[in-house]
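From the sequence below, what's the structure:
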Amino acid sequence: MVSDPDVVRTVLTLFWLLAEPVPWVVVFLALTLAPQTAVSYYMMLAQWYLTPFDQALQVVTALLLHSELLVALYAMARMLRMQRQQYYLFEAALQQQQQQLQQQQQHQSMYRQWHGRE
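Predicted structure coming up:
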């Protein structure tokens, strides 16, 4: 059994990851590419009787599956990069908003002090 000192944080992290689109791409890849690749290699290498047409068809299928894997890896990397940029932009916007609120509070306190002296 796994001993996790912070179960709540782990569970919330898992739910947050499931809400992002990247894990769904990974699940889709695992459920589609793994069986299709295995079947393609079986049809290409393990069958006893292959016509040249069947062999060419399986080679093209294997090439398409591998190109799908490369495109999916590129898409996942791009999605992660975009999410990272969105996170940093959101953090920058929050910091800017906090700075503006602090400046407004400082101006209000200075205004009160100035008008309180008169």
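
Show me what the helix ranked longest in the chain is packed up against.
Looking across the chain with DSSP state H, the single longest helix is helix 52-117. Where contact means 3 or more CB pairs under 8 Å, 6 or more residues apart in numbering; DSSP states H and E, helix 52-117 is packed against helix 21-41. Where C-beta positions appear, they are placed from N, C-alpha and C, glycine not excepted.

between the helix it packs on and helix 52-117, how big is the angle?
For helix 21-41 against helix 52-117, the angle by axes from the mean of the first three to the mean of the last three CA atoms, to 10 degrees is 170 degrees.

Please put the alpha-carbon coordinates of helix 21-41 into PDB.
In PDB, the C-alpha atoms belonging to helix 21-41 read as follows (Å, rounded to 0.1, in the frame of the first residue of the first chain):
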ATOM      1  CA  PRO A  21      -7.000  18.000 -22.500                       C
ATOM      2  CA  VAL A  22      -3.500  16.500 -22.500                       C
ATOM      3  CA  PRO A  23      -4.300  13.400 -20.500                       C
ATOM      4  CA  TRP A  24      -7.200  12.600 -22.800                       C
ATOM      5  CA  VAL A  25      -4.800  12.700 -25.700                       C
ATOM      6  CA  VAL A  26      -2.500  10.200 -23.900                       C
ATOM      7  CA  VAL A  27      -5.500   7.900 -23.200                       C
ATOM      8  CA  PHE A  28      -6.600   8.100 -26.800                       C
ATOM      9  CA  LEU A  29      -3.100   7.300 -28.000                       C
ATOM     10  CA  ALA A  30      -2.700   4.300 -25.600                       C
ATOM     11  CA  LEU A  31      -6.100   2.900 -26.600                       C
ATOM     12  CA  THR A  32      -5.700   3.300 -30.300                       C
ATOM     13  CA  LEU A  33      -2.000   3.100 -31.200                       C
ATOM     14  CA  ALA A  34      -1.000   0.100 -29.000                       C
ATOM     15  CA  PRO A  35      -3.500  -2.400 -30.400                       C
ATOM     16  CA  GLN A  36      -3.300  -1.100 -33.900                       C
ATOM     17  CA  THR A  37       0.500  -1.200 -33.900                       C
ATOM     18  CA  ALA A  38       0.500  -4.800 -32.500                       C
ATOM     19  CA  VAL A  39      -2.000  -5.900 -35.100                       C
ATOM     20  CA  SER A  40      -0.100  -4.200 -37.900                       C
ATOM     21  CA  TYR A  41       3.200  -5.900 -37.000                       C
END
